[in-house]
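Peer 1: fold the stuff below for me.
(3 chains)
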Amino acid sequence: MSGWKCFSIDGPALMARPDTIRGWGFVAPALIWTLAFFVVPFGVMAAMSLATLDGRELVWGFSLENYTRLFGQSYLLRAITVSLEITLTVTIVSIVLAYPLAWIIAYRVPARWQRLALLLAILPFWTSYVVRSYAWLLVLSREGVINQTLLGLGVISEPLTLASTRFATVTGFVHFFVMLLTLTIYANLVQLPANYRRAAIDLGASSWQAFRHVVLPLTMPGIATGAFLTFVLCIGDYITPQILGGNNELTGPQIIMVQLGRGANFPLAAAMSIVLMALVTLAYLAASRWLRLDRL
Amino acid sequence: MTYRPLRRALLSSTMLALPAAAMAAEDLNALVWCDHTDPALIEPFEQEHGIRVNLREYEGTATALALLEQSRPGDWDVLVIDAIDVPRAVDAGLMAELPADQLATTDFFPGVAMEAQTQVDGKTYAVTEKFGYNTVSFNSDKVDAADMQDLSTIWSEKYKDRIAVYDYYLPVMGLAAIANDIDTGNITANDLPTLKETLFTMKDNARSVGEVVASQTALATGEVDIVIGGGEWLTAVLAEEQPELTWTIPDQGAVRWAQSIGVLETSENKDLAVEFVKYITGPEGQARLATSSCYWGMPANQKAGAHLSDAQKKVLRWDDQPEYLKRAQLYPAPDADLDGQMQDVWLEMLQH
Amino acid sequence: MRRAIPWIYMALAYAFIFLPVVTLVLFSFQDGRLPVPPFNGPTLKWYADVLGDTRLMSALGNSLLVGAGSAALSCALGFLAAYGLARHVLPGALLLRGLLIAPMTVSYLIIGLGLLIVFNNYGPGPSLWAAGVGHVVINLPLAFAIIYASMGAQQENAERAARDLGASEGRVLTLVTIPMLAPAILAAFFLCLTLSWDEFIIAFLMTRFDVTLPVEIWSLLRSGLSPRTNAIGSLVFLVSVALVIGLEIFIFGRKRR
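Peer 2: Just a heads-up that it's a prediction; the model follows:
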């Protein structure tokens, strides 16, 4: 969304009251920072996506070559669809798993334990992000915790293939985002006055109907905010698929990092970034009705 | 008070330029591979000369060249680079001539100095420092060692889902070329369809394609039993605890990797940089580099042998080198165009 | 039975959430080279190893420096912007807010790539400072949003009262607004600190010789499977958790009473 918004800022109203001028003074540092280190780099990157490489020489221009490559070469297009598939799966699975947890913490756990329950639910947030995927590798590998436990219990006779698969990537992601969504949905649930639901039930609604028609719509902001953050963070993530996916398929960010690391192909990497950015914009539009990003 | 944060912000943005300027002339800046980051290798040099060696790792030659071209003169002093890519760096005007008479190349294993690559017009621009093989690593308890002598059996149906492929396109495509009777030095764009087919076969039967640690993990934990593209650099670190993890060179041959070190033309610290090169290629530095924590590999300098234990030499297959050197071919050395195409084929294989 | 379902679900969810953490910590005590079952019995050697590793420790110091610096700057800029927008009538305030929040909706990788291109071509090149700049870009929206959301009518009344009593704008800010908003500012500071402390991709792209901890851990990971990684991962976890719990008790705990 940000892309074009930045180009349409109202010019400072120079004729304004002293109060307004002072207001601008307060906003200016943050504004200048955002313009200099976010908007300008973004613009340069967009321009870079229209440049080409001649050998190792960068040629600026207005070429759509990188984009035709992205959508023309099957392995590059596949990276975009892989990213999208993984991100959508992760977002949906995370919501489905996190909602009941947030619900239980908000409505079943006694009030005095709620903060502790919530803190516990998000504690692994603070494991190092790089290490977290690595830890999942230790859990999912052939000799890992899950396989060894199941083998020991006699549930399976052969180790399951868990690591180096899309399942592993999705699991690693879902782990992180269940925590995030539990937090945003819980925050939303506890703001609802309890008597809304009670009123609906008193008026003859079943508890499912009360949930479906009263609670769920009221928690949409929490769901949408968490889901959108999930989408943004997931579609741009490099580490998780890199460690857990076993390179059996590549996501957009992995393509970007390969282009930077091996080929020094900045234009193609920039074009891929713009495409991922466009997907995020679509997600933003889909969720914008309920989003409360500036009221986190 | 109110505006102090603003002033601080402005201050810190101007100070962005500082670290570069503050880098004392006595620092040595080196663009290297991960084996050079081992303190056991670097610290003795730092202490001897009372300076600091700043290290930055990189992955592909193209990236290193791009990085060097974008840097300002004086930013970098030393470069570790694939021996076969030295001519590319020399062409780009990046490398400084080395004083050949001060280098220990006469002590090197025969053929390892790679004059064809490290010298241009009779001038020496880099020195080979370490070499080894991209071949096949395997678990001798789980697979038939005899099968490992034939490349096409290694990635056949027989070992479906028990294979990991090392995620670097040059050596593995080199192995594919060897399997197809193509000289690794003569790969052309016309060979790519053939190579692609072989890579697709590998991928069909492979469990995963991974970088060093991923392949190592997969092999060590029994996730897979074979790593295509592996070699001493992959299994030597594990040798002590898991002696069943070993490697061999198949009958068709394997790919030999070699890394070299040189001084950058724009270095403002050339004397110290040359000292560093001499340290790394001298007997003691060579022994430390060979057994560096990131990965092991054969030292180019035979005199390193005096500083290595028998156990270390055994893991490195010190005595087998003459035989191995005969059977191995060099890394492919594509030009920029072919390099791009080879990377495309590789990514296609990953998405296959 | 039906009453038990929520508790069973909760237990399963917690098991899922803690599975990797427990595995990580358990095998940091592994007496052997590989951090996978079977567990060979406890040793502290990997911790000694990690604590004695100068590169890791200097990376840890760098991370704290970049984290604290960028969090402080983010909060300062965020606070000023929030004050400007909440207390003054500005044309296009909605757009301004949107612009300040915008980096939150962009993947870190993309922000990092843009900065890398600009810094490489026009700037001073990569360094810890550059990583810090990137971290302010990603943390500023958060700091702004948190502080802006907590600027209510209550403070406004107190500010007006102070102004009526003759306080200058600077004194109002330092003596009334900032103290009243201290919990929000601190919360924002610590959130930014933890995010920056743990951020990988921007730090990876923007640093050169001196790197932050996640980048150092990444190269540790790339150089071999070892309980050392578990040990440093567990240490980071324990430090962060201690920080969070301390914060919970000392700042938010006090507020509730």
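Peer 1: distance check, residue C:108 against chain A.
Peer 2: Distance check for residue C:108 against chain A: by CB to the nearest CB, to the nearest Å, it reads 6 Å. Quick note: C-beta positions are derived from backbone N, CA and C, even for glycine.
Peer 1: just residue B:282 next, same as before
Peer 2: 31 Å.
Peer 1: what does residue C:11 give?
Peer 2: Counting by CB to the nearest CB, the separation of residue C:11 from chain A is 10 Å.
Peer 1: count the neighbours of that residue for me.
Peer 2: 11 (other CB atoms under 10 Å in any protein chain shown).
Peer 1: C-terminal to whichever strand or helix holds it, what's the next element?
Peer 2: Per DSSP states H and E: residue C:11 is located in helix C:5-26. Next helix or strand after helix C:5-26 toward the C-terminus (DSSP H and E): helix C:45-51.
Peer 1: leaving out sequence neighbours, find the closest residue to residue 205.
Peer 2: Going with chain A. residue A:213 (7.0 Å; CB to CB, 6 or more residues apart in numbering or on different chains).
Peer 1: my question was about chain B
Peer 2: That would be residue B:160: by CB to CB, 6+ apart, it lies 4.5 Å from residue B:205.
Peer 1: how far away is the one you found from residue B:144?
Peer 2: 15 Å (CB to CB, to the nearest Å).
Peer 1: circling back: assumed the residue nearest to residue A:205 was part of a strand.
Peer 2: No: going by DSSP: H, G, I helix; E, B strand; the rest coil, the assignment for residue A:213 is helix, not a strand.
Peer 1: tell me how many other residues surround it.
Peer 2: By the criterion of other CB under 10 Å, residue A:213 has 12 neighbours.
Peer 1: same check on residue A:203?
Peer 2: If we define neighbours as other CB under 10 Å, then residue A:203 has 9 of them.
Peer 1: swap in the one 5 residues further on?
Peer 2: Other residues within reach of residue A:208 by the criterion other CB under 10 Å amount to 8.
Peer 1: any residue of the host helix or strand of it up close to chain C?
Peer 2: Residue A:208 is part of helix A:207-210 when elements are defined by DSSP H and E. No: if you take CB under 8 Å from any CB of the partner chain as the test, helix A:207-210 misses chain C, and the best it gets is 11.9 Å.
Peer 1: in that helix, what's buried?
Peer 2: The neighbour-count check on helix A:207-210 (16 or more other CB atoms under 10 Å in any protein chain shown) flags residue A:210 as buried.
Peer 1: so the residue nearest to residue A:205 makes contact with residue A:201?
Peer 2: No: applying CB atoms under 8 Å, one finds residue A:213 not in contact with residue A:201, separated by 11.3 Å.
Peer 1: can you list the residues of chain A near chain B?
Peer 2: Contact residues (CB under 8 Å from any CB) of chain A with chain B: A:28-29, A:33, A:55-56, A:73-76, A:78-79, A:82, A:137, A:141-144, A:161, A:163-164, A:243, A:246-250, A:255, A:258, A:260-265.
Peer 1: run the last query once more with 6 Å
Peer 2: Residues of chain A lying near chain B by CB under 6 Å from any CB of the partner chain: A:29, A:55, A:75, A:78, A:141-143, A:164, A:246-247, A:250, A:261-264.
Peer 1: swap in the stretch 151-257 of chain C?
Peer 2: Residues of the stretch 151-257 of chain C found near chain B (CB under 6 Å from any CB) are C:170, C:173-174, C:208-209, C:221-225.
Peer 1: which one (most neighbours) among the residues you listed?
Peer 2: residue C:225 (27 neighbours).
Peer 1: separation between the nearest residue to that one once chain neighbours are set aside and residue C:237?
Peer 2: Nearest residue to residue C:225 in three dimensions, chain neighbours excluded: residue B:217, at 4.4 Å (CB to CB, 6+ apart). According to CB to CB, residue B:217 and residue C:237 sit 21 Å apart.
Peer 1: cool, residue C:208 as well?
Peer 2: According to CB to CB, residue C:208 and residue C:237 sit 28 Å apart.
Peer 1: hmm, the helix or strand hosting residue C:101 touching chain A?
Peer 2: For residue C:101, the host element (DSSP H and E) is helix C:93-101. Yes: shown here: helix C:93-101 in contact with chain A (CB under 6 Å from any CB) through C:95, C:97-101.
Peer 1: widest-spaced pair of those?
Peer 2: C:95 and C:101 (10.7 Å; CB to CB).
Peer 1: of those two, who's got more company?
Peer 2: Using other CB under 10 Å as the criterion, residue C:95 and residue C:101 rank with residue C:101 on top: 22 against 15.
Peer 1: got the contact list for the host helix or strand of residue B:347?
Peer 2: In the assignment (DSSP H and E), residue B:347 maps to helix B:336-351. Helix B:336-351 has contacts (CB atoms under 6 Å, 6 or more residues apart in numbering or on different chains) with A:55, A:75, A:78, A:247, A:250, A:263, B:169, B:173, B:189, B:192, B:196, B:199, B:203, B:209, B:334.
Peer 1: burial count for residue 33?
Peer 2: Just going to use chain A. Residues lying near residue A:33 (other CB under 10 Å) number 22.
Peer 1: actually chain C
Peer 2: Neighbour count of residue C:33, defined by other CB under 10 Å: 17.
Peer 1: need phi/psi at the closest residue to residue B:248 other than its chain neighbours.
Peer 2: Nearest residue to residue B:248 in three dimensions, chain neighbours excluded: residue B:148, at 5.2 Å (CB to CB, 6+ apart). When read as degrees, to the nearest 10, the backbone of residue B:148 gives phi -80, psi 0.
Peer 1: do I have it right that residue B:148 meets residue B:247?
Peer 2: No: the criterion here is CB atoms under 6 Å, and residue B:148 misses it with residue B:247 at 8.6 Å.
Peer 1: longest helix in the chain, please.
Peer 2: Here I'm looking at chain A. helix A:74-107 (DSSP state H).
Peer 1: hmm, I had chain C in mind actually
Peer 2: Max-length helix for chain C by DSSP H is helix C:54-87.
Peer 1: residues of it that come out buried?
Peer 2: Buried, per 16+ other CB under 10 Å, within helix C:54-87: C:55-56, C:59-60, C:62-64, C:66-87.
Peer 1: quick check: closest non-adjacent residue to the residue in chain A positioned nearest to chain C.
Peer 2: Of all residues in chain A, residue A:236 sits closest to chain C, at 2.3 Å by CB to the nearest CB. Leaving aside its chain neighbours, residue A:236 sits nearest to residue C:107 (2.3 Å; criterion: CB to CB, 6+ apart).
Peer 1: and the gap between the one you found and chain B?
Peer 2: Distance of residue C:107 to chain B, given as CB to the nearest CB: 21 Å.
Peer 1: that residue: neighbouring residues, count only.
Peer 2: 25.
Peer 1: could you pull out the helices in the stretch 51-200 of chain A for me?
Peer 2: For the stretch 51-200 of chain A, the helices defined by DSSP state H, counting those that start in this stretch occupy A:65-72, A:74-107, A:111-122, A:129-140, A:145-153, A:166-189, A:194-202.
Peer 1: now swap in the stretch 151-257 of chain C and tell me
Peer 2: Along the stretch 151-257 of chain C, counting by DSSP H, counting those that start in this stretch, helices occupy C:153-164, C:169-172, C:178-198, C:201-206, C:213-222, C:227-247, C:253-256.
Peer 1: adding mean pLDDT and distance to residue B:42, write those out as JSON lines.
Peer 2: Below are these laid out as JSON lines (pLDDT from 0 to 100; distance: least, CB to CB, whole Å):
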{"stretch": "helix C:153-164", "mean pLDDT": "83", "distance to residue B:42": "55"}
{"stretch": "helix C:169-172", "mean pLDDT": "84", "distance to residue B:42": "51"}
{"stretch": "helix C:178-198", "mean pLDDT": "86", "distance to residue B:42": "27"}
{"stretch": "helix C:201-206", "mean pLDDT": "91", "distance to residue B:42": "21"}
{"stretch": "helix C:213-222", "mean pLDDT": "85", "distance to residue B:42": "14"}
{"stretch": "helix C:227-247", "mean pLDDT": "85", "distance to residue B:42": "18"}
{"stretch": "helix C:253-256", "mean pLDDT": "52", "distance to residue B:42": "47"}
